[in-house]
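Trainee: Provided below for reference: sequence and predicted model.
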Amino acid sequence: MSRYDAVDLTPPWKRPSTVPELPAERDLVVEEATTGFCGAVVRCEKTAEGFTVTLEDRHGKLRVFPLTPRGFLVDGKPVTLVRPQPAAGVARQGPGRTASGSNAVQGVKARVALPSRIYVEGRHDAELVERVWGDDLRIEGVVVEYLEGVDDLPAIVAEFAPEPGRRLGVLVDHLLPGTKEARIAAQVTGDHVLVVGHPYIDVWAAVKPASVGIAAWPEVPRGEDWKTGVCARLGWPLDTPAAWKRILGSVRSYRDLDPALLGRVEELIDFVTQPE
């Protein structure tokens, strides 16, 4: 055995260099090695093609890149971006905070449900409210139910029979003056019923585009199914359940939602928990 057998005689410039792994944490500024696109990390997610990272440059332009080995530069040095370790539950935003930004109450069991209720239009609305306000609602003892539309709201309110101590709050999509939704809301609003709404056709659009990794929610012509039209224009598969899963997964806290929705939900929670 030669004394050189155990010695690596490969020239240093031919030896594979070790590239450090770096978690793709939000706001980390990186450069994509192939294109030179430089931006801050907006989000990291799993897609059908694998894990991707969304970057936003100083002009607000968004680009999505695959998390390939040695695919990025930080301070001019190559790194391999990896998914950041998930927090212990998406409902927590730092010590002592819930996803809604409220002070977290530790060691307290959920209250027995109040007689009062919050109704929302559909399942997606209910899941989004749970995502952000779930901890708060359990502490307050508020139950959220969904209606599958508002056309039958007057009959539903009559059956609920609101009264002092039994209030009803309703969140409506596309609540604008002169719309069908506004006319129905006017029929049921009273001392013990509060109907509020956001201006969007669907609650999808209440999620900030940057949080989803898109530049903006696309315009869909009237008469075309809005959700399907959104998927088509964004180049997503025409699978609305999968699209919603992707959108909901991008929501970590109230910061990912438009203020037009935030204020209305907070208003409803205050209304149904207010002592008579």
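Mentor: Looks like it came in fine.
Trainee: give me the helices and strands touching the longest strand along the chain, please.
Mentor: What stands out as the longest strand in the chain, according to DSSP state E, is strand 38-47. Counting contacts by 3 or more C-beta pairs under 8 Å, 6 or more residues apart in numbering; DSSP states H and E, strand 38-47 is packed against strand 29-32, strand 50-56, strand 62-66, helix 209-212, helix 240-249. (C-beta placed from N, C-alpha, C; glycine too.)
Trainee: turn these into TSV, including distance to Val230.
Mentor: Putting these into TSV (distance: least, C-beta to C-beta, whole Å) gives the following:
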stretch	distance to Val230
strand 29-32	26
strand 50-56	17
strand 62-66	16
helix 209-212	10
helix 240-249	7
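Trainee: show me where the stretch 151-276 of the chain has its strands.
Mentor: Assigned by DSSP state E, counting those that start in this stretch, the stretch 151-276 of the chain shows strands spanning 168-172, 193-197.
Trainee: tell me the angle the first one makes with strand 193-197.
Mentor: Comparing the axes of strand 168-172 and strand 193-197 via axes from the mean of the first three to the mean of the last three C-alpha atoms, to 10 degrees yields an angle of 20 degrees.
Trainee: what does strand 168-172 contact?
Mentor: The contact list for strand 168-172 (C-beta atoms under 8 Å, 6 or more residues apart in numbering) reads 116-121, 125, 129, 150, 153, 157, 160, 162, 181, 184-185, 188, 192-198, 264-265, 267-269, 271-272.
Trainee: out of those, which are inside helices?
Mentor: If you go by DSSP state H, these have 125, 129, 153, 157, 160, 181, 184-185, 188, 264-265, 267-269, 271-272 in helices.
Trainee: alpha carbons only: can I get stretch 53-72 in PDB?
Mentor: Provided in PDB are the C-alpha atoms of stretch 53-72 (Å, rounded to 0.1, in the frame of the first residue of the first chain):
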ATOM      1  CA  VAL A  53     -39.900  29.900  -2.400                       C
ATOM      2  CA  THR A  54     -41.600  33.200  -3.400                       C
ATOM      3  CA  LEU A  55     -39.300  36.300  -3.500                       C
ATOM      4  CA  GLU A  56     -40.400  40.000  -3.700                       C
ATOM      5  CA  ASP A  57     -38.000  42.600  -5.000                       C
ATOM      6  CA  ARG A  58     -37.800  46.200  -4.000                       C
ATOM      7  CA  HIS A  59     -40.300  47.200  -6.700                       C
ATOM      8  CA  GLY A  60     -42.900  44.700  -5.300                       C
ATOM      9  CA  LYS A  61     -42.500  42.200  -8.200                       C
ATOM     10  CA  LEU A  62     -43.000  38.600  -7.100                       C
ATOM     11  CA  ARG A  63     -41.200  35.500  -8.500                       C
ATOM     12  CA  VAL A  64     -41.500  31.900  -7.600                       C
ATOM     13  CA  PHE A  65     -38.500  29.600  -7.700                       C
ATOM     14  CA  PRO A  66     -37.900  25.900  -6.900                       C
ATOM     15  CA  LEU A  67     -35.900  25.100  -3.800                       C
ATOM     16  CA  THR A  68     -33.000  23.600  -5.700                       C
ATOM     17  CA  PRO A  69     -29.600  22.800  -4.100                       C
ATOM     18  CA  ARG A  70     -27.000  25.600  -4.500                       C
ATOM     19  CA  GLY A  71     -29.700  27.600  -6.200                       C
ATOM     20  CA  PHE A  72     -29.400  30.900  -4.300                       C
END
